[in-house]
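Engineer: got a structure for you, letters missing:
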């Protein structure tokens, strides 16, 4: 094992959170609209990584709110907007997407995060890229 990983893991186990393993990561989003002729590949950053979670054995004795698990989520973010090419005039050709500036381990906020990844959902283009 690499020394940095071992030190980060020990630090996280000692202090309850491995924030150094939850960080912005490069990600490509493929965006297309049915009305538009092209697909757009957008490079952005998302939060990804490991967060220490403590799962209690006494689940039936605790409130449901006490059982939530920590995930790697946005601490600071901004939204950028891209123009999808090849859209007719009656279609809004813009797509807004989040850019992670910094990340943290915490509860997943469904106001701005997809907390459950659906199986079978793919991230690719069905139309030509521009």
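Structural biologist: Nice, I can see it. Note that the structure is predicted; figures quoted are calculated from it, not measured. Numbers count the residues shown, from 1 in each chain.
Engineer: Please make it C-alpha for all contacts and neighbour counts, starting now.
Structural biologist: Will do.
Engineer: For the chain, give me the ranges with low pLDDT.
Structural biologist: 1-20, 54-68, 112-122 (pLDDT under 70).
Engineer: Could you pull out the helices in it for me?
Structural biologist: Secondary structure of the chain, counting by DSSP state H: helices at 3-15.
Engineer: got the residue ranges for the strands in it?
Structural biologist: Assigned strands in the chain, in chain order: 22-32, 39-49, 71-83, 94-106 (criterion: DSSP state E).
Engineer: In JSON lines: those, plus mean neighbour count and distance to residue 125.
Structural biologist: Compiled in JSON lines, these are given as follows (neighbours: other Cα atoms under 10 Å; distance: least, Cα to Cα, whole Å):
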{"stretch": "strand 22-32", "mean neighbour count": "18", "distance to residue 125": "6"}
{"stretch": "strand 39-49", "mean neighbour count": "19", "distance to residue 125": "6"}
{"stretch": "strand 71-83", "mean neighbour count": "16", "distance to residue 125": "16"}
{"stretch": "strand 94-106", "mean neighbour count": "18", "distance to residue 125": "15"}
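Engineer: mind listing what residue 74 touches?
Structural biologist: Going by Cα atoms under 8 Å, 6 or more residues apart in numbering, residue 74 touches 46, 47, 100, 101, 102, 103, 104.
Engineer: correct me, but the fourth one touches residue 79?
Structural biologist: No - counting by Cα atoms under 8 Å, residue 101 does not reach residue 79; the two are 10.4 Å apart.
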